[in-house]
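K.L.:
mind looking at a prediction? Sequence and model below.
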Amino acid sequence: MEFIYALDIGTRKVAGLVGRRTARGAEVLALEVREHRDRSMVDGQVHDVPAVAAVVREVTRALEEKIGCPLPEVALAAAGRSLRTARGSAAMDHSPFEPVTVRDVRFLERLALQNALRDSGAADRYHCVGYVPVQWRLDGAAVKSLEGHRGSKLDLELLATFLPYLVLEGLLGVAQLAGLKAVCLTLEPIAALEAVVPPDLRQLNLALVDVGAGTSDIALVKGGSVTAFAMVPFAGDEVTESLCEHFVLDFHQAEKVKRALSSSDEPFAAGEDIFGHPLSIPRAEGLRVTGLAVADLSRQVADRILELNQGSPAAVVLVGGGSATAGLSERLGLDLNLESRRLGVRKPDQSKDLEDRTGFLNEAWGVTPAGILLIAARNKGLVIQNVRLNGTAYSLLRLDESVSVFDLLAQAGVPVQPGGDQAGEPLAFTHNGQPRVVSGTAGRPAVLRVNGIESSLGDPLPPDAEVTFLPPEIGGNGFLTAGQLMAEAGEVACFLNGIPVVTRAQVSQGGRILAPDEAILPAARVETGLSTKLGEILESQGFEISGEVSRQILVSVNGDPRYLTQKNYLLKVNGREADFNHEVKSGDVVEFARNTQSHFRVRDVVTPPRDGPSLRLTVNGRAFELKGEPGRMFMNGSAVSPDEFVIDHATLVTREGQSAVGLVSHLLAQIEKPQPTAPGQRLRLVVDGLEAGFTTPLKDGSSVLVGFE
């Protein structure tokens, strides 16, 4: 028995069905539902892969126990909120002598799909999940089909639907972590339509609204086909959160209260607030609290339906767990101006194509998993095929009987265009007044191998194929650098600081000097000349000489501002001083040092201050000079010596010495004191014939006697 495992990974819960094909559709043999332990899904998109995978593993194990065999493969559905629709067009040349083949048509379609995604402005990588040709043209004339015609120009415009790469990779990541291989993919709104809106009902203008936890998906049908998909980012969680806020409940308690309000007519709904206090919420009060959120949800859904349908539909089919929210159907009828009988909830057990052997698939939340099962049983989903491109794994959605190399390259974001290996354009410009042309280089064709064998873009890919692709390379355009022209013009060789230096010609383009690596532009007027000025040679070797080799510094001397010019370089040619305009010849020896600076010392800038006047004395009959205070110099407030270097913006101050202050104690500190000649002698001090002490003042010409008696 071949089992089909369908898995609906929703925002609030994970629902798994196991069934098998029947003549009408499918038979449900086992069912398992588990809620997420935390909010690891947001608005139908996986946010925490390990957490979601853990719940999927629980559902899978429970189902395997029920049916008694492993479930290695699974069918999935992606949220419709992520779809992007875009128009794309493509054109290609064709031999007028050969009929257009199916491969030509498929190549043109894939090219248009690639352009549709590019022109849509989508920043992320997307999978194509379907497309419809809008118009075929052959040599400018509209045709119903290109196949079999002969012509030289093929054109196509199509309408394509894309699914973000991250959405699919999130689902596939969950499946892989849970030990499952995803083999079939559909979209949640398509699955819901498959379960409760069979093809005969699609002749009517119906709106299907799948109210989930995080989003409300909308699908419109008319005339036997789906005319639009839409999504409203407002659903059951907003109703739950209104109860959380009003009654101070955690999310799970608020869900319990919401379900009680929606599923029974009991006068009270029981709950427990975040402090553990039991609550008995009157039904009328609970419905009043949720009423605002329900009205907002209804209004947003109705606005999208009216916008896309250009008016009210004939009827509205409500599905999903949130469709049972109290008051939603009535409010939506008012917003769409529909009678109450034209709105209703359809459940999976109402489908004639589905046989439920479990007896539990009777709630609106079961519509999506039931639709996934039906689509997988009827082989209507997109087949997922795993391949590798240049060592990187990719999961492809198969639109046709097979997936091609082109499909893989489109998903990988590798641009593919026919041809691409032609020679590059020549470069034409004027050089020193004469026309000149540089030819382009030859191109390289694409390299494409599948499992080591050379292949073409339209070849089908086997499962788990290893693809190597190197895109074609257009030949390089004619290219020439200023450095190449410099080499053509010759050079001058000299020695700079002992190192051989080659001076090449200068190249100007439109009057601007070019660096050696700069390219010559098409139609440019280029001049080449060899300059031998010493300054230019130094600059060509990376020396910055403009404004760097000399400078002025500003100092203040006793309040008087002064500018001092410093020179901080050494420049010689063949041992002689030179300037930057010196013409260098081959073999010249050039010496250049940037940091050989000429400094100013304090003594170069200020006049040394005078020392203070001395006192001339006679001490014990000998002349003695008691020196005055020496003059002092200060830079930025600190005392400095005359040899100190002056710095920029220095403040220099000089201070002349004070006259010598004469006290006997000062004198005794500077002379060699006499020693006593006998025990018991005392020091005797006499100044100008008078007995004196240590504090006796001295004056110029004083006579001092110092001895013992």
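P.N.:
Right, received. Where do you want to start?

K.L.:
could I get the helix or strand that residue 174 is a member of in CSV with only the CA atoms?
P.N.:
If you go by DSSP states H and E, residue 174 is part of helix 165-177. Extracted as CSV, the C-alpha positions of helix 165-177 are listed here (Å, rounded to 0.1, in the frame of the first residue of the first chain):
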residue,chain,number,x,y,z
TYR,A,165,13.4,31.3,-1.7
LEU,A,166,13.5,31.7,2.1
VAL,A,167,9.9,30.5,2.5
LEU,A,168,10.6,27.3,0.7
GLU,A,169,14.0,26.8,2.3
GLY,A,170,12.4,27.3,5.7
LEU,A,171,9.8,24.5,5.0
LEU,A,172,12.5,22.2,3.5
GLY,A,173,14.8,22.9,6.4
VAL,A,174,12.1,21.8,8.9
ALA,A,175,11.3,18.7,6.8
GLN,A,176,15.0,17.7,6.6
LEU,A,177,15.6,18.3,10.3
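
K.L.:
ok now it, how far from the chain's centre?
P.N.:
22 Å (C-alpha atoms, centre = their mean, to the nearest Å).

K.L.:
show me what counts as buried in it.
P.N.:
165, 167-175 (16 or more other C-beta atoms under 10 Å). Placement of C-beta: from N, CA and C, glycine included.

K.L.:
same question for stretch 50-70.
P.N.:
Result for stretch 50-70 [16+ other C-beta under 10 Å]: buried residues 51-57, 59-60, 63-64.

K.L.:
just the residues you listed: which are in helices?
P.N.:
51-57, 59-60, 63-64 (DSSP state H).

K.L.:
farthest pair within the residues you listed?
P.N.:
Farthest-apart pair in these is 51 and 64; separation 21.0 Å (C-beta to C-beta).

K.L.:
the residue lying closest to residue 148 once chain neighbours are set aside sits in which helix or strand?
P.N.:
Closest residue in space to residue 148, ignoring its immediate chain neighbours: residue 99 at 5.3 Å, by C-beta to C-beta, 6 or more residues apart in numbering. Using DSSP H and E, residue 99 is not contained in any helix or strand.

K.L.:
residue contacts, residue 99?
P.N.:
Counting by C-beta atoms under 8 Å, 6 or more residues apart in numbering, residue 99 touches 147-150.

K.L.:
buried among the residues you listed? Need that as a selection in PyMOL.
P.N.:
Of these, the buried ones go into a single PyMOL selection, burial set by 16+ other C-beta under 10 Å:
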select buried, resi 149
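
K.L.:
and of the contacts of residue 99, the nearest to residue 393?
P.N.:
Of all these, residue 393 sits closest to residue 147, with 34.3 Å by C-beta to C-beta.

K.L.:
how much space separates that closest one from residue 241?
P.N.:
From residue 147 across to residue 241, the span is 55 Å (C-beta to C-beta, to the nearest Å).

K.L.:
now residue 451
P.N.:
53 Å.

K.L.:
next one: residue 59
P.N.:
With distances taken as C-beta to C-beta, residue 59 is found 26 Å from residue 241.

K.L.:
now swap in residue 485 and tell me
P.N.:
According to C-beta to C-beta, residue 485 and residue 241 sit 72 Å apart.

K.L.:
ok, residue 563 next?
P.N.:
For residue 563, the distance to residue 241 equals 74 Å [C-beta to C-beta].

K.L.:
okay, the two: which has more neighbours?
P.N.:
residue 241 (14 against 8; other C-beta atoms under 10 Å).

K.L.:
and stretch 47-61, average pLDDT?
P.N.:
Summarised as a single mean, pLDDT over stretch 47-61 is 92.

K.L.:
and this protein, what are its domains?
P.N.:
As assigned by automatic domain parsing, the chain contains the domains 198-345, 480-598, 605-708.

K.L.:
which of those sits closest to residue 3?
P.N.:
With C-beta to C-beta as the yardstick, what comes closest out of the domains of the chain is domain 198-345 (24.0 Å).

K.L.:
now the end-to-end length of that closest one.
P.N.:
15 Å (C-alpha to C-alpha, to the nearest Å).

K.L.:
ditto for stretch 509-525
P.N.:
Note: stretch 509-525 ends 6 Å apart using C-alpha to C-alpha.

K.L.:
ok, residues contacting that stretch?
P.N.:
Here stretch 509-525 makes contact (C-beta under 8 Å, 6+ apart) with 427-430, 479-483, 485-486, 504, 506-508, 526.

K.L.:
and if we set it to 6 Å?
P.N.:
With contact meaning C-beta atoms under 6 Å, 6 or more residues apart in numbering, stretch 509-525 is reached by 427, 429-430, 480-483, 506-507, 526.

K.L.:
who wins for neighbours among the residues you listed?
P.N.:
Neighbour counts for the contacts of stretch 509-525 (other C-beta under 10 Å) peak at residue 507, which has 26 neighbours.

K.L.:
let me have the contacts of stretch 509-525 in a markdown table, adding pLDDT as columns.
P.N.:
A markdown table is the format used below for the contacts of stretch 509-525 (pLDDT from 0 to 100):
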| residue | pLDDT |
| --- | --- |
| 427 | 90 |
| 429 | 92 |
| 430 | 93 |
| 480 | 91 |
| 481 | 92 |
| 482 | 90 |
| 483 | 86 |
| 506 | 82 |
| 507 | 89 |
| 526 | 91 |
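
K.L.:
still on that earlier bit, after the helix holding residue 174 comes which helix or strand?
P.N.:
Using DSSP H and E, the helix or strand that directly follows helix 165-177 along the chain is strand 181-187.

K.L.:
what comes up buried for that next one?
P.N.:
Going by 16+ other C-beta under 10 Å, strand 181-187 has these buried residues: 182-187.

K.L.:
for stretch 615-629, same thing?
P.N.:
Buried residues in stretch 615-629, counted by 16+ other C-beta under 10 Å: 615, 617, 619, 626, 628.

K.L.:
need the max-distance pair from these.
P.N.:
Farthest pair in the buried residues of stretch 615-629 (C-beta to C-beta) is 619 and 628. Separation: 17.3 Å.

K.L.:
ok, the residue lying closest to residue 327 once chain neighbours are set aside - contacts?
P.N.:
Residue nearest to residue 327 in three dimensions, not counting chain neighbours: residue 294, with 5.0 Å by C-beta to C-beta, 6+ apart. Neighbour list for residue 294: 327-328, 331 [criterion: C-beta under 6 Å, 6+ apart].
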